[in-house]
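Undergrad: Coordinates for the following, if possible.
(one chain, ligands or ions: 1)
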Amino acid sequence: MIARRVNEIPFSGIRKFFDLVMGSKDVISLGVGEPDFPTPEPLKDAAIRAIENDYTSYTSNYGIPELREEISEKLKVRNKINRNPKDEILITSGVSQGLDLAVRAITDPGDEILIPEPCYVSYNSNVWFAHGKPISVPTYEENAFRVKAEDIKKRLTKKTKGILISTPNNPTGSVLKKKDLEEIADIAIENKLAVISDEIYEDLIYDNEKHHSIASLNGMEDATITLNGYSKPYAFTGWRLGYAAGNPEFIEAMMKIHQYAQICAPSISQYAALGAFELEEYVKDMVRSYDLRRRLLVKGLNSLPNISCITPKGAFYAFPNIKDTNLSSAEFAERLLKEAGVAVIPGDAFGESGEGYIRCAYCVSREDITEALDKINRFAERLP
Ligand SMILES: Cc1ncc(COP(=O)(O)O)c(C=O)c1O
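TA: The predicted structure follows:
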């Protein structure tokens, strides 16, 4: 009864591990990438007020105008992107839905979408469900997992329709430099490609690295769909709120799908998010805290036998190389869970080029990171 296209897609490698962890006792999880902070009080209060005021109806398909105005202003000031709140911004149910809508809006059957890998688990499936063909562009540790223009160019065909990038990246923590983005922009413009840019981790950035939005580069404003959301900077994962910005043609096409599939993003979450961009101190504190944990984890990983880890510059993931253990990513992760009680995600869950790596999320306490390192150390020492 189930459609072939759905049957052919495996479940997310993250979910598989999440389920294993849920069933095991005393496991330290570096598995799931979710802030361990509570949603900021002002946003919770705003949600309560929204309920009390009965703001519980459908909203405009595009989302409430006040929130679109805030997003438009934020995009202008922080991202150097000019988008009209009227018809160039769409509020979505998380970046997850933004990705689905953006890919469906630009993909005809058989169209190829280039995806630098390792990448977030949904990208390939988003393209597949849209009847497109995801084409992996491998990235390499030697280049800090930043995609190279020449690797994109090698995979261009007549069917290439777009490129789906993310910076900072999940799972590698890589941050694309302005020059990397300029090179991708040149390819996009020359080949008339759309760029979908997932910037959900833009605030989680370290070591004085800078986040650049590809839509702000010359000629890219109308070729880019910028996706972003509240989940990571505002510990808002369960509220399901994100946004897409692009030219009216892209946004209208996405809205068309959205109005039939979803109608609107949750009304209470939209009202709760009003004012979020003013919470700069909350975000800064969070980033400082992740930074300490990042340093602790990366230093610890580099002291372990047969494991090495480059320093991630963004998001909250480290992506250590485990090739010298002679175990595959899946074997390493499964044995680590069973024998040492530490959950990590095998790198190949993020695409073939993630083989030989594991993803460790450091959005857990420093005590847990220290204990996990100790356990990984004992596990790694026992390996032949
Ligand atoms: C790169 C990336 N994009 C999108 C998402 C989905 O985020 P949201 O909660 O906004 O749907 C995630 C979640 O982990 C992510 O890592």
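
Undergrad: Only C-alpha atoms from now on, for both contacts and neighbour counts.
TA: Will do.

Undergrad: And the residue of the stretch 251-384 of the chain that's closest to the ligand?
TA: Ala315 (8.3 Å; CA to the nearest ligand atom).

Undergrad: what residues are up against that residue?
TA: With contacts defined as CA atoms under 8 Å, 6 or more residues apart in numbering, the neighbours of Ala315 are Pro168, Asn169, Asn170, Gly173, Tyr201, Glu202, Leu204, Ile205.

Undergrad: what's the longest helix in the chain?
TA: The longest helix of the chain (DSSP state H) is helix 280-302.

Undergrad: mean confidence score for it?
TA: Averaged across helix 280-302, pLDDT comes to 97.

Undergrad: residues of it that come out buried?
TA: Under the neighbour-count criterion of 16 or more other CA atoms under 10 Å, helix 280-302 has 283, 286-287, 290-291, 293-294, 296-302 buried.

Undergrad: Tell me where this protein has strands.
TA: Assigned by DSSP state E, the strands in the chain fall at 28-29, 89-92, 112-117, 133-138, 160-166, 194-198, 224-229, 242-245, 317-318, 342-343, 345-346, 358-361.

Undergrad: could you pull out the helices for the chain?
TA: 4-7, 13-22, 41-52, 65-79, 94-106, 122-129, 149-153, 178-190, 248-261, 267-273, 280-302, 329-335, 366-382.

Undergrad: Does the ligand have contacts with the helix or strand of the chain with the lowest mean pLDDT?
TA: Sorting the helices and strands of the chain by mean pLDDT, DSSP states H and E puts helix 13-22 at the bottom, at a mean of 72. No. Figure legend: helix 13-22 not in contact with the ligand (CA under 6 Å from any ligand atom); closest approach 10.1 Å.

Undergrad: hmm, back to that, between the helices of the chain, which gets nearest to Ala223?
TA: Nearest to Ala223, of all the helices of the chain, is helix 178-190, at 7.7 Å by CA to CA.

Undergrad: Need the CA coordinates for the closest one. PDB is fine.
TA: The C-alpha trace of helix 178-190 is given here as PDB (Å, rounded to 0.1, in the frame of the first residue of the first chain):
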ATOM      1  CA  LYS A 178      32.800  34.900   2.400                       C
ATOM      2  CA  LYS A 179      35.100  33.700  -0.400                       C
ATOM      3  CA  ASP A 180      33.600  30.200  -0.400                       C
ATOM      4  CA  LEU A 181      30.100  31.800  -0.700                       C
ATOM      5  CA  GLU A 182      31.300  34.100  -3.500                       C
ATOM      6  CA  GLU A 183      32.500  31.200  -5.500                       C
ATOM      7  CA  ILE A 184      29.200  29.300  -5.000                       C
ATOM      8  CA  ALA A 185      27.400  32.500  -6.000                       C
ATOM      9  CA  ASP A 186      29.400  32.800  -9.200                       C
ATOM     10  CA  ILE A 187      28.500  29.200 -10.100                       C
ATOM     11  CA  ALA A 188      24.800  29.800  -9.300                       C
ATOM     12  CA  ILE A 189      24.600  33.000 -11.400                       C
ATOM     13  CA  GLU A 190      26.600  31.500 -14.300                       C
END
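
Undergrad: How far does that helix sit from its chain's centre?
TA: Taking CA atoms, centre = their mean, to the nearest Å, the mean C-alpha location of helix 178-190 is offset from the chain mean by 20 Å.

Undergrad: Give me the contacts around it.
TA: 146-149, 153, 162-163, 193-195, 212, 214, 217, 219-220, 223.

Undergrad: least confident pick among the residues you listed?
TA: Gly219 (93).

Undergrad: Give me the neighbour count for the spatially closest residue to it that is not a sequence neighbour.
TA: In space, not counting the residues next to it along the chain, Gly219 is nearest to Ile189; the distance is 7.4 Å by CA to CA, 6 or more residues apart in numbering. As a burial measure, Ile189 scores 15 neighbours (other CA atoms under 10 Å).

Undergrad: Test for you: state the pLDDT assigned to Ile189.
TA: So Ile189 comes in at 97 (pLDDT).

Undergrad: can you check Leu30 too?
TA: 94.

Undergrad: Ok, Gly23 next?
TA: 68.

Undergrad: and if you look at Ile9?
TA: 85.

Undergrad: residue contacts, it?
TA: Ser125.

Undergrad: could you measure it against the ligand, distance?
TA: Separation of Ile9 from the ligand (CA to the nearest ligand atom, to the nearest Å): 18 Å.

Undergrad: what's the neighbour count on the closest residue to Pro248 other than its chain neighbours?
TA: Closest residue in space to Pro248, ignoring its immediate chain neighbours: Glu88 at 5.0 Å, by CA to CA, 6+ apart. By other CA under 10 Å, 21 other residues sit near Glu88.

Undergrad: Would you confirm that Glu88 contacts Tyr243?
TA: No. Using CA atoms under 8 Å, Glu88 is not in contact with Tyr243; the gap is 10.4 Å.

Undergrad: Great, nothing more from me.
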